[in-house]
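1. Whatever this is, show me its structure:
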Amino acid sequence: MIERTMLVAAGKKAMVPRLFKRTLQIATAVALTASVLLIVIVGNGFLVGKAPSFRTGWNLWLSFIQRPDILSTMILTAAVAVAFVYWQRNQERKAGGAAR
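-> Numbers count the residues shown, from 1 in each chain. Below you'll find the model as predicted:
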C-alpha cells in the first residue's frame with residue numbers, strides 16, 4: 001500500500017502519496033532557485049549593461065537556466081536538501097520518543 005501524507009497548499013489540505021509530495025517540494029525549490037537567478041541576472045544587466053533591458057537579461061537567464069549541468073545541479077541540490085530535512089526530522093522524532 002502506498003504511504004499517504006498531508007499536503008497543505010494555498011490553505012487547502014489533501015492526502016497525497018509521499019513520493020508526490022517530495023517531488024513537488026523538489027520542484028518548488030528548483031523554481032525558487034531559478035527565480036532568484038532570474039532576479040540576479042536581470043538585475044546585473046541593469047547595473048552593468050550599457051543599454052539595460054529586461055529582454056537581454058531574460059535571454060541571458062534562459063540560456064543559463066537551460067544548460068543541463070545547471071539544471072541537474074539545481075535538482076540534485078533540492079533533492080538532497082529535502083531528503084536531509086526529512087531525515088533530520090525523523091532523527092529528532094526518534095530521539096524525542098526515547099527521551100520520554
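2. For this structure, which segments are assigned as helices?
-> 18-48, 54-65, 68-99 (DSSP state H).
3. pLDDT below threshold where in the protein?
-> Along the chain, the model assigns pLDDT under 70 to residues 1, 97-100.
4. Give the closest residue to residue 13 in space, chain neighbours not counted.
-> Closest residue in space to residue 13, ignoring its immediate chain neighbours: residue 6 at 5.8 Å, by CB to CB, 6 or more residues apart in numbering. Every C-beta, even on glycine, is put in place using the N, C-alpha and C of the backbone.
5. could the helices of the chain go into TSV alongside distance to residue 10 and mean neighbour count?
-> Output for the helices of the chain, formatted as TSV (distance: least, CB to CB, whole Å; neighbours: other CB atoms under 10 Å):
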stretch	distance to residue 10	mean neighbour count
helix 18-48	13	14
helix 54-65	26	14
helix 68-99	20	11
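6. could the ones you listed be laid out in a markdown table, adding distance to residue 12?
-> Below are those laid out as a markdown table (distance: least, CB to CB, whole Å):
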| stretch | distance to residue 12 |
| --- | --- |
| helix 18-48 | 14 |
| helix 54-65 | 30 |
| helix 68-99 | 21 |
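7. residues in contact with stretch 66-75?
-> Outside stretch 66-75, the residues that touch it by CB atoms under 8 Å, 6 or more residues apart in numbering are 26, 30, 33-34, 64-65.
8. Looking at these, spot the one nearest residue 96.
-> residue 26 (26.6 Å; CB to CB).
9. ok, the closest one to residue 47 distance?
-> Computed with CB to CB, to the nearest Å, the distance linking residue 26 and residue 47 is 32 Å.
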